[in-house]
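Undergrad: Compute the structure for the input listed below.
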Amino acid sequence: MGTGYARDPKTDERRCYPCADSWQREQMKTADVWGGYIGYTGDARKRFASWPGGVLGKVTSYVTEGRVRYTPNGGQYRMRHVTVRTPDGSTWRGRGGTAMDAITIRRVTKSTSKGGKGPKVLRDLLKIQGGTS
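TA: This is a model prediction of the structure:
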């Protein structure tokens, strides 16, 4: 993860990247739509991340359509569909072109966690990165 500061566009408040990631995970608990990035672990697309690379969720499904689509100016891309599980146990889905790592996801199910801890696999992923849920 990089070093630096994130800025809240509404309040102009500055937060260090790890603090901003924690804040985003907390905000996602009540949001229905969220933007982020498909992060890479080796060659696999395994995490939904913030701009500096903080883990916001685990990509549980990543499917790229076989059909090539075309942009108005002649560019080509394939549509991808992702399913993300966040630390609070919620399931989210999104889709977007393969030309970018940025993607918008929408909540499909509410939290299924017990005791507010979230699924163990996500807690472990956050520990490795140094964040908390």
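Undergrad: What segments of the protein are strands?
TA: For the chain, the strands defined by DSSP state E occupy 5-7, 14-16, 33-41, 44-49, 55-70, 76-85, 91-97, 102-109.
Undergrad: Out of the ones you listed, flag the one nearest Gln24.
TA: The closest of the strands of the chain to Gln24 is strand 55-70. By C-beta to C-beta, the value is 6.0 Å. No exception for glycine: its C-beta is placed from N, CA and C like everyone else's.
Undergrad: Report the central residue of this structure.
TA: Phe48 (2.7 Å; C-alpha atoms, centre = their mean).
Undergrad: thinking again about what came up before, weakest of the strands of the chain in terms of mean pLDDT?
TA: Mean pLDDT is lowest for strand 44-49 out of the strands of the chain, coming in at a mean of 82.
Undergrad: what packs against that strand?
TA: Secondary-structure packing of strand 44-49 (3 or more C-beta pairs under 8 Å, 6 or more residues apart in numbering; DSSP states H and E): strand 33-41, strand 55-70, strand 76-85.
Undergrad: Any buried residues in whichever helix in the chain runs longest, and which?
TA: Taking DSSP state H as the criterion, the chain has its longest helix at helix 17-28. Buried residues in helix 17-28, counted by 16 or more other C-beta atoms under 10 Å: Tyr17, Pro18, Ala20, Asp21, Ser22, Gln24, Arg25, Met28.
Undergrad: What is the nearest of the residues you listed to Ala6?
TA: For those, the nearest to Ala6 is Ala20 (3.6 Å; C-beta to C-beta).
Undergrad: contacting residues for the closest residue to the closest one other than its chain neighbours?
TA: Ranked by C-beta to C-beta, 6 or more residues apart in numbering and with sequence neighbours excluded, the top spatial neighbour of Ala20 is Ala6, at 3.6 Å. With contact taken as C-beta atoms under 8 Å, 6 or more residues apart in numbering, Ala6 is in contact with Arg14, Arg15, Cys16, Tyr17, Ala20, Ser50, Trp51, Pro52.
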